[in-house]
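Visitor: Okay, predicted coordinates and the sequence, questions at the end:
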Amino acid sequence: MPRPPKHDHEILNAALIGLQHMLGQVEERITEIRSRIGAPAASRPAPAAAAEDKATPKKRKMSASARRRIALAQKKRWAAYKAEQAAPAKPKTKKRKLSAAGRARIIAATKKRWAAFHKAQKAPKAAPKRVAKKAPQPAVATAAAATPAAE
């Protein structure tokens, strides 16, 4: 039965770590022997030094003029964006004013409606009519059921 891929992956990782450890030991022995012989050191950097170089990349410096150009370009982009956002706004409409005659008509109509409402409130209420339920009608009789059966 084949193993699940997860176990294979873990085994390969463990093997890789073991081999890297062995490689480190072999490189240490090689440098030790070279130092005894008096041979020059290997041109290849030690694994620890190589990892150190990769971990911290060199910091790039930007000139003041480059920073200024970038800042000006960003300000220009923001100005264009804000101008675009502000353009669709509609101009404020002029406030309308109600004329004296129109106001008088509205007041008269309101008074008329309230007078009708108060009049309806003062009028004696008539007793609501009760609607009697109709009796259910019998089913339509067939001709055979309508005539008495003669035996």
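Guide: Thanks, I have the structure now. Residues are numbered from 1 along each chain as shown.
Visitor: switch to C-alpha atoms for all contacts and neighbour counts from now on
Guide: Noted.
Visitor: where along the chain do the strands fall?
Guide: For the chain, no strands are identified by DSSP state E.
Visitor: Show me where it dips below the pLDDT cut-off.
Guide: 1-7, 40-54, 87-89, 126-128, 131-132, 136, 138-151 (pLDDT under 70).
Visitor: So which residue is dead centre in it?
Guide: Residue closest to the mean C-alpha point of the chain, counted by Cα atoms, centre = their mean, is residue 85 at 22.0 Å.
Visitor: Now for residue 28, how many residues are close by?
Guide: 13 (other Cα atoms under 10 Å).
Visitor: and if you look at the one 10 residues further on?
Guide: Number of residues near residue 38 (other Cα under 10 Å) recorded here: 9.
Visitor: For it, what are phi and psi?
Guide: Main-chain dihedrals, residue 38, degrees, to the nearest 10: phi 90, psi 10.
Visitor: longest helix in the protein, by residue count?
Guide: Longest helix in the chain, counting residues (DSSP state H): helix 5-37.
Visitor: in that helix, what's buried?
Guide: Residues of helix 5-37 classed as buried: residue 31 (neighbour count, 16 or more other Cα atoms under 10 Å).
Visitor: Who are the packing partners of it?
Guide: Identification of packing neighbours for helix 5-37 by 3 or more Cα pairs under 8 Å, 6 or more residues apart in numbering; DSSP states H and E yields no helix or strand.
Visitor: I'd like the numbering to begin with 396 instead of 1 from here.
Guide: That works, and once the first residue is 396, the last one we named lands at helix 400-432.
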